[in-house]
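[1] Provided below are the primary sequence and the corresponding predicted coordinates.
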Amino acid sequence: MWILYLLECECGQGSVYYAGITTDLARRFSEHQNGTGARFTRANRPLRIVAAQTYPDRASASRAEAALKKLPRVRKPAYFE
């Protein structure tokens, strides 16, 4: 099982979103918070998990991640509804 997730991150100008996929959301969020995750979350501290959705395989999760990243910032949380 793969999980697509959306994080709200702190930025100098407010908050921004980071999207990713993983098989263990708790572990991955901890990595982001500890500075061992993605380069983006090392520079923009993750505040919370906004949403998450499961997928049966990596390919479908990757396609969903690509679609999510193409959306404008204001529409990203609604992707999970």
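    It's in. Numbers count the residues shown, from 1 in each chain.

[2] Name the surrounding residues that touch whichever strand or helix holds residue 59.
    For residue 59, the host element (DSSP states H and E) is helix 58-70. Contact with helix 58-70 is made by 2-4, 6, 19-21, 53, 55, 76, 79, as judged by CB atoms under 8 Å, 6 or more residues apart in numbering. Where C-beta positions appear, they are placed from N, C-alpha and C, glycine not excepted.

[3] mind running it again at 7 Å?
    Contacting residues not belonging to helix 58-70 are listed as 2, 4, 19-21, 55, 76, 79 [CB atoms under 7 Å, 6 or more residues apart in numbering].

[4] wait, is residue 36 part of a helix?
    No: counting by DSSP: H, G, I helix; E, B strand; the rest coil, residue 36 falls outside a helix, being coil.

[5] Compare the contacts of helix 58-70 and tell me which is most surrounded.
    Tallying neighbours with other CB atoms under 10 Å puts residue 4 at the head of those, with 24 neighbours.

[6] I'd guessed that residue sits against residue 21; true?
    Yes: with contact defined as CB atoms under 7 Å, residue 4 reaches residue 21; the gap is 5.4 Å.

[7] so which helix or strand takes in residue 33?
    Assigned by DSSP H and E, residue 33 falls in helix 25-34.

[8] got the CA positions of that helix in PDB?
    Extracted in PDB, the C-alpha atoms of helix 25-34 (Å, rounded to 0.1, in the frame of the first residue of the first chain):
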ATOM      1  CA  LEU A  25       3.500   8.000   6.700                       C
ATOM      2  CA  ALA A  26       4.500   8.400  10.300                       C
ATOM      3  CA  ARG A  27       8.100   7.500   9.600                       C
ATOM      4  CA  ARG A  28       8.200   9.800   6.600                       C
ATOM      5  CA  PHE A  29       6.700  12.700   8.400                       C
ATOM      6  CA  SER A  30       9.200  12.200  11.200                       C
ATOM      7  CA  GLU A  31      12.100  12.200   8.600                       C
ATOM      8  CA  HIS A  32      10.800  15.500   7.300                       C
ATOM      9  CA  GLN A  33      10.600  17.100  10.700                       C
ATOM     10  CA  ASN A  34      14.100  15.800  11.700                       C
END
